[in-house]
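# Turn this into a structure:
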Amino acid sequence: MTELAITASGLRKAYQDKVVLDGIDLAVPAGTIFSLLGPNGAGKTTTVNVLTTLLQADGGTARVAGHDLATGTKAVRAAIGVTGQFAAVDELLTGRENLQLMVDLNQVPTNDGPRVVKELLERFDLAESADKPASTYSGGMRRKLDLAMTLVGNPRIIFLDEPTTGLDPRSRRTMWAIIRDLIADGVTIFLTTQYLEEADQLADKVAVLDQGRLVAEGTPAELKRMIPGTHVRLRFGTAAELDAAARIITEATRDEEALVLRVPGDGGTRTLRTLLDRLDEYSISAEEFSVHTPDLDDVFLALTGHTTEVLAK
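Here you go, the predicted structure:
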């Protein structure tokens, strides 16, 4: 059985009359990236705050790194790392000093401290700026330093709450590479993001949260198959083959210039087999075929009724 790094059952949280989490169930396998998506006010950050012991749930249960949130708070905190929406670096300190502060707070053995700091500065490409005040760092450098500080205690579960918000595309992709490296090392990532492309690129599983409830969960590919718009793209070598195929597959739309037929379908293997069998019956073959699905923007809009412009914390 797959080891679960995070589980939750029936998590509830309300502020006076406003229900923020309305019975959330989660199961995050160890060594994977789990992404929580949702519009502004959906409850994403509240979920992170509950799972990281910063908030106490009003109901339900959860276990993180095998420890119960209610009875094993200290053990949970010792096992996790948290990077919030805004870089929590001390701008009066240098990058090296920020990391040394975390070394001291995590009670890293004195002999190991300098090595840990040096390795993290090199890993996050901050060595050249190590002795400059963090106030002089760019937004991307601050986010990298913030994540490096989170790694000082060698946590096996890391919560990243919108880690690339405000970064330029180049810095965002650098962070993606760092996150992938963490997963390669066996770390579990719980990611909230306002960028659907980010979830699509990184996440093994995505959960969509809306008005305190999970409205869908699955791999990015599974979620895309949930809504209309999936189609098979068949490209033919000649116009005659395109015409012949179009007479057989009457539900398809055609692109004369590209010699392409687009056939609506769910993209599953059974549908593909049936489609190709229909062509084989008439000795027609396509030069190539591919399955095209809606992107996560389409999925998000279909599930929540909101556009991605309202995504936030």
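
# ok, and what's touching stretch 268-277?
225, 232, 249, 263, 265, 289, 291 (CB atoms under 8 Å, 6 or more residues apart in numbering). All C-beta spots, glycine's among them, are computed from the backbone N, C-alpha and C.

# scratch that, stretch 89-107
113, 116-117, 120-121, 126, 129-135, 137, 141-142, 145-146, 148-149, 152-153.

# now these: which count as buried?
Buried by 16 or more other CB atoms under 10 Å: 113, 116-117, 120-121, 126, 129-130, 134, 137, 141-142, 145-146, 148-149, 152-153, out of the contacts of stretch 89-107.

# Could you check the pLDDT of residue 110?
Residue 110 carries a pLDDT value of 85.

# and if you look at residue 199?
For residue 199, the predicted pLDDT is 90.

# Kindly provide the distance from it to residue 162.
Distance from residue 199 to residue 162, counting by CB to CB, to the nearest Å: 11 Å.

# what residues do the two have in common as contacts?
Residues within reach of residue 199 and of residue 162 at once, by CB under 8 Å, 6+ apart, are residue 193.

# between those two, which one's more packed in?
Ranked by neighbour count (other CB atoms under 10 Å), residue 199 and residue 162 place residue 199 first, with 25 against 22.

# Show residues contacting the one helix or strand the more buried one maps to.
Under the criterion of DSSP states H and E, residue 199 resides in helix 196-202. By CB under 8 Å, 6+ apart, the residues outside helix 196-202 that reach it are 33, 35, 37, 164, 172, 176, 179-180, 189, 191, 193, 206, 220, 295-297, 300, 308, 311.

# could you measure the residue nearest to residue 22 when sequence neighbours are not counted against residue 54, distance?
Nearest residue to residue 22, sequence neighbours excluded (CB to CB, 6 or more residues apart in numbering): residue 212, at 3.8 Å. Here residue 212 is placed at a distance of 18 Å from residue 54 (CB to CB).

# Helix, strand, or coil at the residue nearest to residue 55 when sequence neighbours are not counted?
Excluding the flanking residues, the one nearest residue 55 by CB to CB, 6+ apart is residue 49, at 4.1 Å. Following DSSP: H, G, I helix; E, B strand; the rest coil, the label given to residue 49 is helix.

# I'd assumed residue 62 was in contact with residue 49.
No. Using CB atoms under 8 Å, residue 49 makes no contact with residue 62, being 12.0 Å away.

# more crowded one of these two?
A direct count of neighbours by other CB under 10 Å for residue 49 and residue 62 places residue 62 higher, at 23 against 19.

# How many residues are close by residue 260?
18.

# residue contacts, the closest residue to it other than its chain neighbours?
Closest residue to residue 260 apart from its sequence neighbours, by CB to CB, 6+ apart: residue 235 at 5.0 Å. Residues near residue 235 by CB under 8 Å, 6+ apart: 258-260, 286-289.

# which residues touch residue 205?
Going by CB under 8 Å, 6+ apart, residue 205 touches 28, 32-35, 217-219.

# Look up how far residue 128 lies from it.
Taken as CB to CB, the span from residue 205 to residue 128 is 37 Å.

# Could you do residue 91 as well?
Applying CB to CB, the value for residue 91 to residue 128 is 18 Å.
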